[in-house]
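**Q** my questions concern the predicted model and sequence given below.
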Amino acid sequence: MREAVPPVTQLVRTAIRVEGVVQGVGFRPFVYTLATGLGLTGLVGNDLDGVFVEVEGPASTVSDFLLRLERDAPPLARIERLTTRAVTPQRSASFAIAASELASGLRRTLVSADIATCPDCLRELCDPADRRFRYPFINCTNCGPRFTIVRDVPYDRPLTTMAAFAMCERCAAEYHDPADRRFHAQPACCPACGPRLALDDAEDPLAAAAELLRQGQILAVKGLGGYHLAADAACEQAVARLRARKHREDKPFAVMAADLASARRLAEVDLAAAGLLTSSARPIVLVPRRTGPGPEAALAAATAPGNRQLGIMLPYTPLHHLLLAAVTRPIVLTSGNVSDEPIVYRDDEARERLAGIADAFLVHDRAIHVRTDDSVARAFRGRPMLLRRSRGYVPEPITIRSGFPRPVLACGAELKNTFCLARDRRAFVSHHIGDLENAETLRSFTEGIEHFRRLFDVDPRVVAHDLHPEYLSTKYAVELDGVDLQGVQHHHAHIASCLADNGEDGPVIGVAFDGTGYGTDGTIWGGEFLAAGLASFERGGHLAPVPMPGGAAAVRQPWRMTAAYLDAEAPERLDVVRRNQDRWAAVTAMARRGVNAPLTSSAGRLFDAAAALLGVRDTINYEGQAAVELEQLADPGEAGAYPAGLEAGHPFRLRGADLLHGILEDLTARVSAPVIAARFHHGVAALIETGCVAMRDRYGLGTVALSGGVFQNLLLLDAAVSRLQARGFRVLLHARVPCNDGGISLGQAVAAAARDRPGPPS
Ligand code: ZN
Ligand code: ZN
Ligand code: FE
């Protein structure tokens with residue numbers, strides 16, 4: 001048909017600017033191939049703002065080029081903005097690639113996240129004829145390390161940890177060939193010039209590593225964003241030993257499987273989960289574990305004790321691919337640290353701190369610049385949901401339509417900390433920093449902020465922080481000079497984060513359910529119904545407060561919350577009373593007198609009280625453990641719900657204690673624990689429904705945003721969403737940032753920006 005239409009032969013030249021994630025993702029070779037394929041002349045280059053292009057040729061061909069530029073962009077590129085303007089044709093004879101400008105100044109170009117090994121590199125990895133056959137550091141413009149090796153911008157080899165490796169002739173030829181897949185691939189290398197693998201003085205480090213794993217030994221493996229500890233996932237002793245040496249009692253370990261088929265032998269992987277597992281970010285994906293005789297035996301019980309879910313990931317570096325192929329079975333791959341310390345990433349500290357855990361070290365000589373943990377995700381109703389946003393996602397910005405009038409730093413929360421730097425329309429949420437409770441994590445936090453400031457050229461004028469005066473992130477914020485401080489209430493930040501995640505401004509009914517957050521009245525909140533926009537909120541209702549006998553001790557010992565909730569009404573013959581007989585009276589007295597018993601409306605503590613009452617556990621070894629196990633216990637077939645009363649008022653109060661009385665009655669009637677656990681979950685969902693209806697009556701709002709760590713509970717989330725939708729509510733959930741405190745920094749940033757904006761507050 002083409003011939004039938006006379007071509008528009010008028011010669012035009014168009015200048016194009018492309019902004020977004022367009023560097024280090026094969027964009028220039030793509031433009032080069034596209035332009036030369038269409039017979040256009042001109043040039044393409046990288047600068048601090050992104051990619052600039054000029055194309056010259058017949059008008060119709062140039063518009064064809066523009067169409068394909070957006071439509072066929074490389075898989076990892078993300079075009080945020082594309083602008084064009086007509087310029088005078090220069091009758092250029094060819095298409096050229098301009099050299100990268102290594103200048104200082106504004107740094108708007110985006111550094112990409114680390115990318116899992118691409119199919120082309122995998123093919124070469126397995127091809128005996130290829131010069132990178134079995135080379136553990138193979139990569140190209142479409143894959144490989146990025147964020148973890150970048151020291152500074154612009155993203156060019158001398159400013160990465162690959163600077164130490166001089167390219168050999170053949171690699172350099174590929175690097176400079178616009179038609180090559182490795183054209184300007186900064187980390188490109190080969191066995192002749194790149195990093196090397198080592199395991200003590202083994203001749204074949206990979207074979208030695210696989211052999212050690214098969215013998216049940218524990219191996220430290222230097223990865224992309226830090227060290228992992230590996231063990232044969234089928235070997236009961238090996239996994240148990242790893243648990244003991246790591247001082248990690250119950251928290252499930254993640255497993256790496258060679259491929260999707262192997263993952264499916266261990267767990268039920270639906271379409272959405274498979275999409276996450278095979279995505280270029282390659283997070284740990286939580287999936288329902290397979291039960292039954294055969295496949296389950298493939299996994300040591302100590303991997304994820306008593307857990308229906310399993311965290312699985314697929315290989316994301318060539319080293320992982322080779323290791324998994326050599327071991328021939330799934331391995332436990334958990335972060336290299338002792339108990340709750342941050343993941344080890346420097347070689348010297350790895351040798352020192354992992355010495356008591358690992359039997360051997362599989363290492364290499366490419367330095368890790370930024371410690372970056374594996375991300376954790378799951379699918380909910382076919383939609384991906386991040387629980388920890390780190391390796392593979394960071395530092396890709398989240399676009400905020402309404403933008404940031406002045407540059408913002410948001411310091412985040414105390415647990416699962418992330419920070420966020422933002423300017424213009426971009427929010428850069430940091431990698432997972434961890435719990436800000438030791439010097440090492442605090443150093444990651446402060447160094448991370450400095451690194452992001454340089455990388456993204458953000459000089460914050462507004463600094464947002466939590467209201468909790470004792471959070472180290474708050475203390476960091478208030479000590480900064482020459483900036484405007486904005487305190488953002490914890491649960492408001494959760495809801496603002498959910499709004500930003502969904503690209504909305506509110507106002508909405510915000511349901512923020514979590515363990516702990518400092519309230520505007522100085523008490524501990526955590527079961528909140530807020531009428532909230534980005535800038536402000538009103539507390540419309542909450543769970544009726546109860547005392548936390550012993551403060552922090554009540555968080556570690558859920559049975560104390562049972563005592564606080566039931567008070568004198570707990571019959572003496574009750575198991576939880578009998579188990580804690582020696583301290584029960586003292587703790588209830590403490591609760592009643594309000595001495596060292598701060599009041600809380602926390603939903604997390606309500607789950608704790610229910611879990612201990614049901615005999616799930618009296619003390620915990622990691623945050624949220626009692627609630628996690630209560631969810632595991634629940635009978636998925638049971639739909640009954642305990643009712644909870646609403647005490648009218650402003651704010652209204654929902655009586656969580658009613659749910660515990662429901663449990664008490666069923667315990668007396670000898671109803672099974674799984675049925676009781678399910679009825680409790682549905683009771684909380686019903687309580688959320690009651691609260692939202694009351695909020696709608698008062699504020700006339702029809703959209704609900706669900707946020708806070710409690711909504712990591714899938715049973716509760718599913719039940720709550722169903723009930724709310726049945727009541728005609730539109731429901732907003734998290735997807736790109738976690739509903740837990742890892743999402744707080746984004747919420748703080750958008751809240752501070754909304755207040756910073758001129759005009760009436762939203
Ligand atoms: Zn590749
Ligand atoms: Zn080379
Ligand atoms: Fe929280």
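**A** Yes, it's here. Residues are numbered from 1 along each chain as shown. Ligands and ions are numbered 1, 2, ... in the order given.

**Q** residues of the stretch 501-650 of the chain that sit close to ligand 1?
**A** Residues of the stretch 501-650 of the chain lying near ligand 1 by CB under 5 Å from the ion: none. Just so you know, the C-beta spots here come from the backbone N, C-alpha and C atoms, and that holds for glycine as well.

**Q** can you pull out the strands in the stretch 501-650 of the chain?
**A** Under the criterion DSSP state E, counting those that start in this stretch, strands of the stretch 501-650 of the chain are mapped to 508-518, 524-532, 537-543, 546-547, 599-600, 646-647.

**Q** export these as CSV, with columns for mean pLDDT and distance to ligand 2.
**A** Supplementary listing: the strands of the stretch 501-650 of the chain in CSV, determined by pLDDT from 0 to 100; distance: least, CB to the ion, whole Å:
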stretch, mean pLDDT, distance to ligand 2
strand 508-518, 97, 50
strand 524-532, 98, 55
strand 537-543, 98, 57
strand 546-547, 96, 65
strand 599-600, 96, 60
strand 646-647, 98, 69
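
**Q** nearest to ligand 3, of these?
**A** Put simply, out of the strands of the stretch 501-650 of the chain the one that sits nearest ligand 3 is strand 508-518, at 3.6 Å, with distance taken as CB to the ion.

**Q** from the chain's centre, how far out does the closest one sit?
**A** How far strand 508-518 lies from its chain's middle: 19 Å, per CA atoms, centre = their mean, to the nearest Å.

**Q** what's it packed up against?
**A** When contacts are defined as 3 or more CB pairs under 8 Å, 6 or more residues apart in numbering; DSSP states H and E, strand 508-518 sits against helix 490-501, strand 524-532, helix 603-613, helix 673-699, strand 703-707.

**Q** looking at these, which is buried most?
**A** Ranked by average neighbour count under the criterion mean count of other CB atoms under 10 Å, these are headed by helix 490-501 at a mean of 31.

**Q** give me the low-pLDDT residue ranges for the protein?
**A** Low-confidence segments of the chain, defined by pLDDT under 70: 1-8, 48, 99-109, 292-297, 760-762.

**Q** on that earlier part again, can you redo the strands of the stretch 501-650 of the chain as TSV with distance to Ala350?
**A** Formatted as TSV, the entries for the strands of the stretch 501-650 of the chain read as follows, by distance: least, CB to CB, whole Å:
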stretch	distance to Ala350
strand 508-518	32
strand 524-532	37
strand 537-543	44
strand 546-547	45
strand 599-600	40
strand 646-647	54
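
**Q** could you count how many residues lie near the residue lying closest to Gly645 once chain neighbours are set aside?
**A** Distances taken as CB to CB, 6 or more residues apart in numbering put Arg655 closest to Gly645, at 4.5 Å, once the chain neighbours are dropped. Taking other CB atoms under 10 Å as the criterion, the count of residues near Arg655 is 16.

**Q** how about the stretch 351-500 of the chain: which residue is closest to ligand 2?
**A** As assessed by CB to the ion, ligand 2 sits closest to Arg366 within the stretch 351-500 of the chain, at 13.6 Å.

**Q** any idea how far Asp152 is from the closest residue in space to Phe680 that isn't next to it in sequence?
**A** In space, Phe680 comes closest to Ala610 once its chain neighbours are excluded; the distance is 5.0 Å by CB to CB, 6+ apart. Shown here: Ala610 relative to Asp152, a distance of 51 Å by CB to CB, to the nearest Å.

**Q** circling back to that earlier point, for the residue nearest to Gly645, what are its contacts?
**A** 544, 644-647 (CB atoms under 8 Å, 6 or more residues apart in numbering).

**Q** and this structure, which of its residues are near ligand 1?
**A** Along the chain, the residues adjacent to ligand 1 under the rule CB under 5 Å from the ion are 118, 121, 140, 142-143.

**Q** apply 6 Å and report the result again.
**A** Applying the criterion CB under 6 Å from the ion, the portion of the chain that neighbours ligand 1 consists of 118, 120-121, 139-140, 142-143.

**Q** who's in contact with the residue nearest the centre of the chain?
**A** Residue closest to the average C-alpha location in the chain (CA atoms, centre = their mean): Arg389, at 1.5 Å. For Arg389, the contacting residues are 375, 418, 429, 431-432, 736-738, 742, by CB under 8 Å, 6+ apart.

**Q** taking those residues one by one, which sit in helices?
**A** Under the assignment DSSP state H, these contribute nothing to helices.

**Q** with neighbour count added, can I get these in CSV?
**A** Rendered in CSV, the data for these read as follows (neighbours: other CB atoms under 10 Å):
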residue, neighbour count
Ser375, 26
Thr418, 29
Val429, 32
His431, 27
His432, 26
Arg736, 19
Val737, 27
Pro738, 29
Gly742, 30
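
**Q** and the lengthiest strand in the chain, what other elements does it pack with?
**A** The residue-count maximum for a strand in the chain (DSSP state E) belongs to strand 398-410. Other elements packing on strand 398-410 under the criterion 3+ CB pairs under 8 Å, 6+ apart are strand 420-429, strand 462-465, helix 490-501, helix 744-756.

**Q** which helices and strands does the longest one pack with?
**A** Where contact means 3+ CB pairs under 8 Å, 6+ apart, helix 744-756 is packed against strand 398-410, strand 420-429, strand 462-465, strand 484-487, helix 490-501.

**Q** figure out how far that helix is from the centre of its chain.
**A** Here the centre of mass of C-alpha atoms in helix 744-756, compared against the chain's by CA atoms, centre = their mean, lies 19 Å away.

**Q** next: the second one.
**A** Remark: strand 462-465 is offset 22 Å from the chain centroid, using CA atoms, centre = their mean.

**Q** pull out the buried positions in it.
**A** Within strand 462-465, the residues that qualify as buried by neighbour count (16 or more other CB atoms under 10 Å) are 462-465.

**Q** okay then, goodbye and thanks.
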